[in-house]
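Student: what follows is a predicted protein model with its sequence.
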Amino acid sequence: MKRDLADFWNLVWEVALCVCAAFALLNAFAPHQDLPWKPLDLNRPIGQATAAKVADFELPPAAAAEQVEAATDACIQVLREAGVTVERAPDVDDGGFCQVRGAVRITGGDITPLSPGGLTMQCPLAVRYVIWDRQVLQPAAREVFGSEVAQVQNFGTYSCRRIYGQTDESARPSEHARANALDVSGVRLKDGRVVSVLGDWTGEGATGTDGSRFLRRLRDGACRVFATVLTPDYNEAHRDHLHLDGASRGLCA
């Protein structure tokens with residue numbers, strides 16, 4: 001009996017050593033962005049754990065004020081460490097579901113400017129935009145057009161409304177009502193060319209098939225960063241922009 005017990009604990013010890021060794025190897029050699037216990041680095045490629053790391057900054061609806069500030073401060077720190085100039089923006093409370101907590105504003109730094117700029121947004125949305133800019137937008141522009149993007153044209157982030165502007169109280173609140181969505185209408189390249197969702201999605205616009213291929217690259221890459229990505233392929237309401245949001249549900253269309 002004593003020998004059986006000793007053999008059992010020896011086996012447990014050997015298994016524990018193997019687990020520790022496997023963890024050490026994983027920690028040392030697996031890509032940083034694929035390991036959930038490694039801190040979020042906005043300069044690294046999008047990995048298996050990237051979405052979960054960004055989600056750590058999300059705020060539950062009933063978050064206390066102290067929790068809001070702690071999560072937002074940590075989120076802002078990640079942005080600043082990545083070279084993005086960002087400031088805490090006033091939170092918004094327009095009543096009902098139109099509330100923005102943990103609001104920030106990107107003001108400059110190592111980031112492609114939004115036009116118009118100075119947008120109020122939730123901090124995790126700002127993080128997603130930076131990742132998309134560095135890992136999707138600029139690489140796609142260089143590959144397809146041989147030019148970088150000078151500015152991202154948009155229709156804004158915050159709007160106190162339900163989806164599609166419906167007035168029916170049964171309609172779901174839009175993520176724009178929480179400044180948790182960005183509508184991208186197009187981009188202006190550094191060489192002066194403009195690619196618009198309305199004009200170039202089908203490949204029949206001024207940039208031809210390159211424009212269509214580029215926009216679809218932006219969509220596909222965004223689906224790895226944002227929770228919901230809606231395009232002209234989804235419905236008529238999105239014929240002129242890419243809707244990018246950080247909702248809890250997910251849809252890429």
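Tutor: That came through, no problem. Numbers count the residues shown, from 1 in each chain.

Student: show me the shaky parts of the protein.
Tutor: 1-30 (pLDDT under 70).

Student: all helices in it, in order from the N-terminus.
Tutor: 2-29, 50-55, 65-81, 123-132, 138-145, 197-200, 208-222 (DSSP state H).

Student: A55: what's it in contact with?
Tutor: Residues near A55 by CB atoms under 8 Å, 6 or more residues apart in numbering: P124. Where C-beta positions appear, they are placed from N, C-alpha and C, glycine not excepted.

Student: gap between it and E175?
Tutor: As judged by CB to CB, to the nearest Å, A55 and E175 stand 15 Å apart.

Student: any idea which residue sits dead centre in the chain?
Tutor: By CA atoms, centre = their mean, the chain has its centre lying nearest to R128, at 2.2 Å.

Student: report the buried residues of stretch 128-140.
Tutor: Buried residues in stretch 128-140, counted by 16 or more other CB atoms under 10 Å: 128-137, 140.

Student: over to stretch 179-193?
Tutor: Neighbour count says stretch 179-193 has 179-189, 193 buried, by 16+ other CB under 10 Å.

Student: let me have these in TSV, extended by distance to F155.
Tutor: Below are those laid out as TSV (distance: CB to CB, whole Å):
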residue	distance to F155
A179	13
N180	15
A181	10
L182	9
D183	4
V184	8
S185	6
G186	10
V187	13
R188	15
L189	20
R193	20
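
Student: and which of those residues is nearest I163?
Tutor: A181 (10.3 Å; CB to CB).

Student: quick check: that closest one touching D245?
Tutor: Yes - proximity of A181 to D245 meets the contact threshold set by CB atoms under 8 Å, at 3.6 Å.

Student: identify the contacts common to the two.
Tutor: Residues touching both A181 and D245 by CB under 8 Å, 6+ apart: 125, 175, 228.

Student: who wins on neighbours among the residues you listed?
Tutor: Highest neighbour count within these: L125, with 26 neighbours (other CB atoms under 10 Å).

Student: F155 versus that residue, what's the distance?
Tutor: For L125 relative to F155 (CB to CB), the value is 14 Å.

Student: starting at the chain centroid, how far to stretch 57-67?
Tutor: A distance of 19 Å separates the centroid of the chain from that of stretch 57-67, by CA atoms, centre = their mean, to the nearest Å.

Student: with stretch 76-90 instead?
Tutor: Here stretch 76-90 is found 15 Å from its chain centre; the criterion is CA atoms, centre = their mean.

Student: end to end, how far does that stretch reach?
Tutor: End-to-end distance of stretch 76-90: 14 Å, with CA to CA, to the nearest Å as the criterion.

Student: next, the buried residues of it.
Tutor: Buried, per 16+ other CB under 10 Å, within stretch 76-90: 76, 78-79, 82, 84, 86, 89.

Student: isn't T157 up against A179?
Tutor: Yes - using CB under 8 Å, T157 is in contact with A179, at 4.9 Å.

Student: which residues in the stretch 101-250 of the chain form strands?
Tutor: Using DSSP state E, counting those that start in this stretch, the strands found in the stretch 101-250 of the chain span residues 103-109, 114-115, 121-122, 149-156, 181-189, 194-196, 228-230, 242-245.

Student: now, of those, which is deepest in the fold?
Tutor: With neighbours defined as mean count of other CB atoms under 10 Å, the strands of the stretch 101-250 of the chain peak in mean count at strand 121-122, which reaches a mean of 28.

Student: partners of it in the sheet?
Tutor: Strand 121-122 pairs in its sheet with strand 103-109 (antiparallel), by DSSP bridges.

Student: just give me how far the partner strand sits from the chain centre.
Tutor: When distances are taken as CA atoms, centre = their mean, strand 103-109 is centred 15 Å away from the chain's centroid.

Student: export that strand as PDB, just CAs?
Tutor: Taking C-alpha atoms only, strand 103-109 is exported to PDB below (Å, rounded to 0.1, in the frame of the first residue of the first chain):
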ATOM      1  CA  ALA A 103     -14.500  58.000 -23.100                       C
ATOM      2  CA  VAL A 104     -11.300  59.000 -24.800                       C
ATOM      3  CA  ARG A 105     -10.200  61.100 -27.700                       C
ATOM      4  CA  ILE A 106      -7.200  60.400 -30.000                       C
ATOM      5  CA  THR A 107      -5.300  63.600 -30.600                       C
ATOM      6  CA  GLY A 108      -2.200  62.500 -32.500                       C
ATOM      7  CA  GLY A 109       0.900  60.400 -32.300                       C
END
